[in-house]
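Peer 1: Quick one: sequence and predicted model below, then my questions.
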Amino acid sequence: MGAFISGFLMDKIGRRRAVQLSFAPYLVGWLMIATADDVINICIGRAITGIAVGMGATCYVYVAEITRPDDRSLMLMFGPSFVSLGILIIYSLGYIVHWKISAMFSFACCVVGCLLLQFIPETPVWLSKKGQDKKANEAMIWFRGVNTESNISHDSHVKHSSDSFFEKFMKNHSWKPLLIMVIFFILQVGSGIYEVVYYAVDFIEKSGSSVKPHVVSISLALIRLITGIIGSWAIQQYDRRIMVIISASGMGFSMFLAGLYEFYFEELDIKERPYDTTPQIFLILNIAFSTLGVHQLPWSLTGELFPLCIRGVMNGIIPSFGYIAIFSMVKIYPLLLDSFNMFGCMWLFTGFSVLTVFFGKYILPETRGKSLQEIESMFVKEQFEMSNSQTVSKAKAEN
């Protein structure tokens, strides 16, 4: 719900204001949790902070519109890495101090974040779209320096149109990115990323590990942070298609081997299984490979693929779809486990990972090093070529 709301807000009030507004439910939610005396208030507070999490999708649009094409990949990939850092900090605090102190720490971070946003400008793209060219140029200078280009770059190129939203949506550069992102999110969720993370403690406990659950959570959060930083660096150096192929291949291979182990030794008692740490190693490898591309890219691409005319709305709809898909799969997973056993679920995740490899090779558009306008032009060019070929065919038929 939060992502859907922010999608409309970021077009109306601006990207920066929409991000600032997302702190409001964070503040209310964390304060409720910190002062809660019963489970009901904790759940209400968590639900409210959940709205804020969805509204945070605006950050990807903001970052995409203020960064240079050469730096945008790295900056966008830092988003999931900072999420991993936040998770690690909260897990660690929860292990050391009372959970109410952790909630107050989160509340304080939100206050600081909201105030700091007051000192940075709106994106040049949005300002230019609203006809505020002077402010757009000033914002461009603020972000990129006086000695760089002070005019609006290709990323800020605006084509004013009187078309309705439906007419804009029916163009190639609108509906094709939507279809690509929907497929990408389905493959991402189906590959088991979130199931592995959410049920990691249960999985490791069932594998016979004596490690405490808190230590498992903190360790996995640390692994996600480290590999996420490596992935952020790699995505800046190599094409996104390559990173998706490597990421999905590693996920599929590790999950296939984990399923193979479970298949052969399922009947044995956990203490009697040989190499009993094997499933845990494959779990760690799966999480590590996921952070090299498949985990981060669907979220970062939402800020890049859509044209300016519908970027705000689509960046509300697509993350909303992503969150619904994640929620549904995480809730369905126990039923899948009962129906297909552990090895069956692992091989199901392997199948989705294989499909993701083909998706990365043949469908995913390459956006590395391209301006937002160049990305939009990739889809517009396809539409122009298709329209041109239809015109030529019609002319030949008439002759």
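Peer 2: Ah, there it is.
Peer 1: ok, residue 18 to residue 324 distance?
Peer 2: 21 Å (Cβ to Cβ, to the nearest Å). (Glycine included, C-beta is placed from N, CA and C.)
Peer 1: Kindly report the same for residue 11.
Peer 2: Note on residue 11: its distance to residue 324, by Cβ to Cβ, is 22 Å.
Peer 1: Comparing these two, which residue is more hemmed in?
Peer 2: residue 11 (22 against 14; other Cβ atoms under 10 Å).
Peer 1: Surely the more buried one touches residue 315?
Peer 2: No: here residue 11 lies out of contact with residue 315, judged by Cβ atoms under 8 Å, at a distance of 9.3 Å.
Peer 1: Does anything pack onto the longest helix anywhere in the chain? Which helices or strands?
Peer 2: As assigned by DSSP state H, the longest helix anywhere in the chain is helix 308-362. When contacts are defined as 3 or more Cβ pairs under 8 Å, 6 or more residues apart in numbering; DSSP states H and E, helix 308-362 packs onto helix 2-12, helix 39-55, helix 58-66, helix 165-169, helix 172-190, helix 193-198, helix 240-265, helix 297-301.
Peer 1: What's the mean pLDDT across the longest one?
Peer 2: Averaging pLDDT along helix 240-265 gives 92.
Peer 1: gap between the helix or strand that it is followed by and the chain center?
Peer 2: Once the chain leaves helix 240-265, the next helix or strand it forms, by DSSP states H and E, is helix 278-290. Computed by Cα atoms, centre = their mean, to the nearest Å, the separation of helix 278-290 from the middle of its chain amounts to 20 Å.
Peer 1: same question, stretch 274-292
Peer 2: 22 Å.
Peer 1: And the residue most central in space within the chain, what's its pLDDT?
Peer 2: With distances taken as Cα atoms, centre = their mean, the residue of the chain nearest its centroid is residue 299 (2.4 Å). pLDDT, residue 299: 87.
Peer 1: Other residues contacting stretch 234-243?
Peer 2: Contacts with stretch 234-243, where a contact means Cβ atoms under 8 Å, 6 or more residues apart in numbering, come from 71, 73-74, 77, 231, 292-293, 296-297, 360-361, 364, 366-368.
Peer 1: Of those, keep whichever come out buried.
Peer 2: Buried members of the contacts of stretch 234-243, scored by 16 or more other Cβ atoms under 10 Å, are 73, 77, 231, 292-293, 296-297, 360, 364, 367-368.
Peer 1: Chain neighbours aside, what residue packs nearest to residue 181?
Peer 2: residue 318 (4.9 Å; Cβ to Cβ, 6 or more residues apart in numbering).
Peer 1: And for residue 193?
Peer 2: Closest to residue 193 by Cβ to Cβ, 6+ apart is residue 290, at 4.9 Å.
Peer 1: Show me the shaky parts of this protein.
Peer 2: The chain contains residues with pLDDT under 70 at 146-166, 168, 205-211, 213, 270, 381-399.
Peer 1: you'd agree residue 22 is up against residue 2?
Peer 2: Yes: assessed by Cβ under 8 Å, residue 22 is found in contact with residue 2 at 7.2 Å.
Peer 1: who has more neighbours, these two?
Peer 2: A side-by-side neighbour count of residue 22 and residue 2, using other Cβ under 10 Å, places residue 22 first with 28 against 23.
Peer 1: The helix or strand hosting the more buried one versus helix 308-362: what angle between them?
Peer 2: Counting by DSSP H and E, the element that carries residue 22 is helix 15-34. If you take axes from the mean of the first three to the mean of the last three Cα atoms, to 10 degrees, helix 15-34 sits at 80 degrees to helix 308-362.
Peer 1: Can you give me the buried ones in helix 15-34?
Peer 2: 15-23, 25-34.
Peer 1: on that earlier part again, overlap in contacts, residue 22 and residue 2.
Peer 2: 52, 55-56.
Peer 1: got a winner among the residues you listed for most neighbours?
Peer 2: The shared contacts of residue 22 and residue 2, ranked by neighbours (other Cβ under 10 Å): first place residue 55, 28 neighbours.
Peer 1: ok so, going back, surely the residue nearest to the centre of the chain touches residue 318?
Peer 2: No: here residue 299 lies out of contact with residue 318, judged by Cβ under 8 Å, at a distance of 9.2 Å.
Peer 1: returning to what we had before: tell me which of the shared contacts of residue 22 and residue 2 is nearest to residue 196?
Peer 2: residue 56 (22.6 Å; Cβ to Cβ).
Peer 1: For the closest one, which residues are in contact?
Peer 2: 2, 6, 19, 22.
Peer 1: State the distance from it to residue 15.
Peer 2: Counting by Cβ to Cβ - residue 56 and residue 15 are separated by 12 Å.
Peer 1: Check residue 372 too.
Peer 2: 13 Å.
Peer 1: Need the overlap of contacts for these two.
Peer 2: Shared contacts of residue 372 and residue 15, counting by Cβ under 8 Å, 6+ apart, come down to residue 65.
Peer 1: that older thread, for the helices and strands packed on helix 308-362, give me CSV that also has distance to residue 224.
Peer 2: Below are those laid out as CSV (distance: least, Cβ to Cβ, whole Å):
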stretch, distance to residue 224
helix 2-12, 22
helix 39-55, 17
helix 58-66, 18
helix 165-169, 35
helix 172-190, 15
helix 193-198, 8
helix 240-265, 13
helix 297-301, 14
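Peer 1: Identify whichever of those lies nearest to residue 136.
Peer 2: Taking the helices and strands packed on helix 308-362 one by one with Cβ to Cβ, helix 58-66 is closest: 10.7 Å.
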